[in-house]
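Asker: based on what follows, work out the 3D shape:
(one chain, ligands or ions: 2)
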Amino acid sequence: MDVIVKPTPTLNGEIGALSSKNYTTRYLLAAALAEGTSTIHFPAHSEDSDAMRRCIRDLGAVLEEDDSKIVIQGFGSHPRDVRELNVGNAGAVLRFLMGVTALCPEVTFVNTYPDSLGKRPHDDLIDALGQLGVDVQHEQGRLPITIKGGNAKGGHIRVSGSVSSQYLSALLFVTPLLAEDSTIEVLNDLKSKVVIGQTLEVLEQAGIVIHASDDYMSFRVPGGQAYQPTTYTVQGDYPGSAAVLAAAAVTQSDVKILRLMEQSKQGERAIVDVLRMMEVPLTHENDVVHVQGNGRLKAIEFDGDAATDAVLAMVAAAVFAEGTSRFYNVENLRYKECDRITDYLNELRKAGANVEERQAEIIVHGRPEGVEGGVEINAHYDHRVIMALTVVGLRSKEPLRIRDAHHVAKSYPQYFDHLQALGASVQWVKE
Ligand SMILES: O=C(O)C1=C[C@@H](OP(=O)(O)O)[C@@H](O)[C@H](O)C1
Ligand SMILES: C=C(OP(=O)(O)O)C(=O)O
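Answerer: Numbering: from 1, shown residues only. Ligands and ions are numbered 1, 2, ... in the order given. Have a look, this model is predicted:
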């Protein structure tokens, strides 16, 4: 399915933020790893969170869900002996479960998105699992991947953090369940470091003890622990909401998004500060972000690693800013659903934006007068490319047609409904 985005000068109204993807995947996993009954209120529904639901069910968890909550009977440290798991296109779900399946005799993760997740690297995690005695078969660090676990006991693990924080999160989820204590040493840089704060928060809520250094570069994990069943409530999602906030920032708007916690550990909450730095009129009080856009934005410089999943939306806003913006320290955007630097900038250029790339930077020469539009956009299987190009389309002179826009459902299936509710001219069309 494609979406046609037409120029839309004004957006007005109020929406509730979607539920956080990162917290939902973590709570589902923590509930599955606990013996007993856990409850998760307001879990996200999207392809990625559904992938975690499907996989923990395959591994032996029992799930019962109604409109507002999911009740889970976990399998504790004894997942069922399954042969195959399908994580769809969900990177975090794959990496977390590659860790957990160190507890299983033999599981193959199949390759259902060869042009997206199928191209992403997992070498650093494979290497770390090898240090735990797990035999991993793979196609040059890519899917399909077979994990032959069952013998992991714990020990000293060194893992590189220079490509993704998800490898470290995977080790943090599984090592407490191993018989012996572990130490984890992070080598090189740790990208998306703030996300580790979310992992540690969830582990603590599940009663797991981890001793972390202040810089998150080394960890001591007592073995033989048990996840406790408990009740979780999922907060609103900043990465998805960032795109809606960027849309409000580039239009004449009066838009409120509810349920966005000020004290959240989500790094992407920086969208609020970034838009403020761009001089977009907004307030953030009582978990409500209120944007009263006047269409005028100022260029900024920003370290994007602190807010990795909101950078594309920030760049889309910068396309219409006065001056040149620079988003630096963003190399690991190249290892996501697509190459979010080269592929994304190619699509932005097609739409008429003036952008440049460096290996770890995105540079945007703003065009406050608007861009031409009138072209077809390739989604590259990437929900965040789809959301960001939609923001650009709202302020293009001619409509944008975003091909295969249904991939937005990876994280935010109701994105276009939310924009329509705010008055955006977006319309689904069959190919
Ligand atoms: O742990 C997680 O849930 C995630 C970590 C981040 O990935 P990287 O650590 O690879 O940057 C983020 O981009 C992804 O959407 C979700
Ligand atoms: C990169 C993302 O997800 P994942 O790595 O889990 O596929 C994302 O949600 O933008």
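
Asker: touching ligand 1 at all, stretch 355-373?
Answerer: No. Stretch 355-373 is not in contact with ligand 1 by CB under 6 Å from any ligand atom; minimum separation 13.2 Å. Every residue, glycine included, has its C-beta placed from N, CA and C.

Asker: what's the span of that stretch from first residue to last?
Answerer: Distance between the two ends of stretch 355-373: 15 Å, counting by CA to CA, to the nearest Å.

Asker: roughly how far out does it sit from the chain middle?
Answerer: Distance of stretch 355-373 from its chain centroid, counting by CA atoms, centre = their mean, to the nearest Å, is 23 Å.

Asker: likewise stretch 104-112?
Answerer: Remark: stretch 104-112 is offset 22 Å from the chain centroid, using CA atoms, centre = their mean.

Asker: for the closest residue in space to residue 241 that isn't next to it in sequence, the count of nearby residues, please.
Answerer: Of all residues not flanking residue 241 in the chain, residue 17 sits nearest, at 4.8 Å (CB to CB, 6 or more residues apart in numbering). For residue 17, the neighbour count with other CB atoms under 10 Å is 22.

Asker: in the biggest strand by length in the chain, what's buried?
Answerer: Longest among the strand segments of the chain by residue count, using DSSP state E, is strand 182-190. Neighbour counts over strand 182-190 (16 or more other CB atoms under 10 Å) mark 182, 184, 186, 190 as buried.

Asker: sheet-wise, list the partners of it with their directions.
Answerer: Using DSSP bridges, strand 182-190 pairs in its sheet with strand 156-161 (parallel), strand 218-221 (antiparallel).

Asker: and for residue 169, the neighbour number?
Answerer: Using other CB under 10 Å: residue 169 sits among 27 other residues.

Asker: please, which helix or strand holds it?
Answerer: Here residue 169 sits within helix 166-174, counting by DSSP states H and E.

Asker: same check, this time on residue 241
Answerer: helix 238-249.

Asker: circling back: let me have the strands paired with strand 182-190 in JSON lines, extended by mean pLDDT, mean neighbour count and distance to residue 319.
Answerer: Formatted as JSON lines, these follow (pLDDT from 0 to 100; neighbours: other CB atoms under 10 Å; distance: least, CB to CB, whole Å):
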{"stretch": "strand 156-161", "mean pLDDT": "98", "mean neighbour count": "18", "distance to residue 319": "31"}
{"stretch": "strand 218-221", "mean pLDDT": "98", "mean neighbour count": "18", "distance to residue 319": "40"}
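
Asker: okay if I get those as JSON lines plus distance to ligand 2?
Answerer: JSON lines is the format used below for these (distance: least, CB to the nearest ligand atom, whole Å):
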{"stretch": "strand 156-161", "distance to ligand 2": "14"}
{"stretch": "strand 218-221", "distance to ligand 2": "21"}
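
Asker: about what we covered before: quick one: mean pLDDT for the helix holding residue 169?
Answerer: Averaging pLDDT along helix 166-174 gives 98.

Asker: that one vs ligand 1: in contact?
Answerer: Yes. Helix 166-174 reaches ligand 1 (CB under 6 Å from any ligand atom) through 166, 169.

Asker: contact partners for residue 152?
Answerer: 102-103, 129, 132-134, 174, 178 (CB atoms under 8 Å, 6 or more residues apart in numbering).

Asker: so which bits of the stretch 51-200 of the chain are right by ligand 2?
Answerer: Checking the stretch 51-200 of the chain against ligand 2 by CB under 6 Å from any ligand atom, the hits are 90-92.

Asker: can you name the residue of the protein nearest to ligand 2?
Answerer: Residue nearest to ligand 2 within the chain: residue 91 (2.9 Å; CB to the nearest ligand atom).

Asker: quick one, helices of the stretch 301-431 of the chain?
Answerer: 311-318, 342-351, 383-394, 415-421 (DSSP state H, counting those that start in this stretch).

Asker: next structured bit after the helix holding residue 241?
Answerer: Following helix 238-249 in sequence, per DSSP H and E, is strand 252-258.

Asker: residues in contact with residue 380?
Answerer: Counting by CB under 8 Å, 6+ apart, residue 380 touches 116, 337-338, 343-344, 347.

Asker: how about the contacts made by residue 190?
Answerer: 161-162, 165, 168, 196, 216-217.

Asker: so among those residues, which ones count as buried?
Answerer: 161, 165, 168, 196, 216-217.

Asker: show me the two of the residues you listed that sit farthest apart.
Answerer: Greatest spacing in these, by CB to CB: 165 and 217 (11.8 Å).

Asker: can you check the pLDDT for residue 117?
Answerer: We have a pLDDT of 98 for residue 117.

Asker: one more: residue 362?
Answerer: Note for residue 362: predicted pLDDT of 99.

Asker: residues near it, how many?
Answerer: Neighbour tally, residue 362, other CB under 10 Å: 26.

Asker: from what I can see residue 148 touches residue 105, true?
Answerer: Yes. If you go by CB atoms under 8 Å, residue 148 and residue 105 touch, sitting 7.0 Å apart.

Asker: comparing those two, which shows the higher neighbour count?
Answerer: A count of neighbours by other CB under 10 Å puts residue 148 above the other of residue 148 and residue 105, at 17 against 14.

Asker: what sits opposite the more buried one in the beta ladder?
Answerer: residue 135.

Asker: gap between it and residue 6?
Answerer: Relative to residue 6, residue 148 is positioned 53 Å away (CB to CB, to the nearest Å).

Asker: one more: residue 430?
Answerer: 18 Å.

Asker: with neighbour numbers in mind, choose between those two.
Answerer: Per other CB under 10 Å, whichever of residue 430 and residue 6 has more neighbours is residue 6, with 15 against 5.

Asker: look up how far residue 71 lies from that one.
Answerer: 43 Å.
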